[in-house]
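let's see this in three dimensions:
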Amino acid sequence: MTKSALQIARAAYQPKLPKALKGAVKAVAGAATQSVADQEAIQKLFPNTYGMPLIKFEATDEVVNFPAMNVGVILSGGQAPGGHNVISGIFDGIKSLNKDSKLYGFILGPGGLVDHNYMELTSDIIDEYRNTGGFDIIGSGRTKLEKEDQFEKGLEILKQLDIKALVIIGGDDSNTNACVLAEYYAAKKCGVQVIGCPKTIDGDLKNEMIETSFGFDTACKVYSEVIGNIQRDCNSARKYWHFIKLMGRSASHIALECALQVQPNVCIVSEEVEANDMSLDDVVTYIAQVVANRAAQGNNFGTVLIPEGLIEFIPAMKRLIAELNDFLAANAEEFSQIKKSHQRDYIIRKLSPENAAIYASLPEGVARQLTLDRDPHGNVQVSLIETEKLLSEMVATKLAAWKEEGKFVGKFASQHHFFGYEGRCAAPSNYDADYCYSLGYTAASLIANGKTGYMSSVRNTTAPADQWIAGGVPITMMMNMERRHGEMKPVIQKALVKLDGAPFKAFAAQRDQWAITTDYVYPGPIQYFGPTEVCDQPTKTLQLEQAK
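Sure thing, here's the model as predicted:
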């Protein structure tokens, strides 16, 4: 590959490690664990991997000779900055235990395991990818490891390559699959360990033992840079309201973190909308009022941050979507015969009065998206809805009405943005480079200590790296039962924004001031070289959550 000047310079960066991992380590077992909910059901499904203790690694003088071991690694799901450093950490970790150990990467995600598509990751390959963004070293994929025939096909290649352990790097669904696979191999006494690593830029894979998922830090810094750039443009031209949608379908962590970094005029938090049973009109009215208040001061410009999954958190919209899904699934053929020009009126006649009124209030483009764009299961593809345009159109309509009533004296013009893929493969920040390398090194130590069904855990990460705490947490500890495709399934519980948590409280205490004043912060690009306070800062979310 042709390397940029930054890539060449970053290749020389040596990620920092917790002190406990810098030499020989011992695994100290803590208290036994139980699942976060549905304990009886989870224990029944995972009898061989349930209730295991927490693990903490400590330095030791005891010298242990580890036999050479072959390890497999899989990148699963969407990309997140730092994945290459997890793999580098695994590689260096197993080599430090025995120089003859080998690492195999399965190509394009879990499908590579099932299809026996793999490559050995040697030092020359690993060195090309240290401290770089992306998952391109072996690629990623979204194949779910759920069925026995997949487990058996995977076992064939693991035995053929004499692989004793498999590390699955992924989000909540991928790590749920890792737990199911660990249980299956443990029950059959296959001699294959399975370890998970917490990845997702959305930030919704975290708990008391997993402080943050990797990639969240870098992605939020990338988004905050470009939002800051837009805010500077906004404050220069002074004629546009910028509606900015940010990734995060299931939780609003990214939008909240970016708001704490850039101080926009408005940031909608989906979890608050749901908790307060706000309607779409309530959200629109809130934004319109901020626009009107700023216009009264002569400021016809501003920024609005919107989480990708907002629509699904508005209770009335959720009910509308559910009724639409059921109706269109049952009447697909009849609906397909209706002329496009008559489909909107047809839907309005068929829905319940409450949902018909909401549907009728939507801009035509969004209404069409709700009825035409279906996924393979027949459901509305909510992620395709251009929520930023929906809200700006509805705000414009409301402001026009207010103008006639004399409640709005300004001008309103909007610009739209969606920041998503821009943040997923950025070169990892120093925080993510260090954190990910430590997660990989910790995974190697969990393997060396014979553990399976664990997720690599590195905590205390707002402190200097040598004070970080490395260990493992049983994946079953994070699980509960949820309804998926009509049946109850064990899954890792998603971590949503807590309205009583320190990050949201800090935001809520300042947002009224940000709404009326132009108090933008311009974070600028990620810095990799320079003073610690510029280069090594964790997210505002983590600093607030970990503040003692």
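
every contact and neighbour count from this point should use C-alpha atoms.
OK.

pLDDT below threshold where in the stretch 301-450 of the chain?
373-379 (pLDDT under 70).

strands along that one, start to end?
302-307, 414-419 (DSSP state E, counting those that start in this stretch).

mean neighbour count, those strands: which tops it?
Across the strands of the stretch 301-450 of the chain, averaging neighbours per residue (mean count of other CA atoms under 10 Å) puts strand 302-307 on top, at a mean of 26.

mind putting the strands of the stretch 301-450 of the chain in CSV, distance to N177 included?
CSV is the format used below for the strands of the stretch 301-450 of the chain (distance: least, CA to CA, whole Å):
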stretch, distance to N177
strand 302-307, 27
strand 414-419, 29
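
which element is G30 on?
strand 25-32 (DSSP states H and E).

hmm, who's touching that strand?
51-60, 445, 449, 471 (CA atoms under 8 Å, 6 or more residues apart in numbering).

for that strand, which strands pair with it and how are they oriented?
strand 53-59 (antiparallel) (DSSP bridges).

ok, and what's touching the strand it pairs with?
Under CA under 8 Å, 6+ apart, the answer for strand 53-59 is 19-33, 469-474.

go with 7 Å
Applying CA atoms under 7 Å, 6 or more residues apart in numbering, the contact partners of strand 53-59 are 20-21, 23-33, 470-474.

just the buried positions in that strand, please.
53-58 (16 or more other CA atoms under 10 Å).

S250: which of those residues is nearest?
L54 (27.6 Å; CA to CA).

find the centremost residue of this protein, please.
D202 (2.2 Å; CA atoms, centre = their mean).

ok, back up a step: check which element follows the strand holding G30 along the chain.
helix 39-45.

who are the packing partners of that following helix?
On a contact count with 3 or more CA pairs under 7 Å, 6 or more residues apart in numbering; DSSP states H and E, helix 39-45 meets no helix or strand.

and A165, helix, strand or coil?
strand (DSSP: H, G, I helix; E, B strand; the rest coil).

who does it form a beta bridge with?
Bridge pairing for A165 - DSSP bridges - gives V71, Q193.

that one reaches G191, doesn't it?
No. In this structure, A165 is not within contact of G191 by CA atoms under 7 Å, at 8.3 Å.

so between those two, which is more surrounded?
A side-by-side neighbour count of A165 and G191, using other CA atoms under 10 Å, places A165 first with 26 against 14.

give me the distance between the more buried one and M455.
13 Å (CA to CA, to the nearest Å).

okay, now the unreliable bits of this structure?
Looking at the chain by pLDDT under 70, you get 373-379, 485, 548.

packing partners of the helix ranked longest in it?
Longest helix in the chain by number of residues (criterion: DSSP state H): helix 216-237. Counting contacts by 3+ CA pairs under 7 Å, 6+ apart, helix 216-237 packs against helix 253-262.

partner strands of the very next helix or strand once past the helix it packs on, parallel or antiparallel?
Once the chain leaves helix 253-262, the next helix or strand it forms, by DSSP H and E, is strand 266-267. Strand 266-267 pairs in its sheet with strand 302-307 (parallel), by DSSP bridges.

and the contacts of the partner strand?
With CA under 7 Å, 6+ apart as the criterion, strand 302-307 contacts 231, 234, 240-249, 252, 255, 264-270, 388.

ok, now with 6 Å
241-246, 248, 252, 255, 264-268 (CA atoms under 6 Å, 6 or more residues apart in numbering).

part of a helix, is D173?
Yes. D173 forms part of a helix when assessed by three-state DSSP.

how deep is it tucked in, by neighbour count?
D173, neighbours per other CA under 10 Å, totals 20.

great, nothing more from me.
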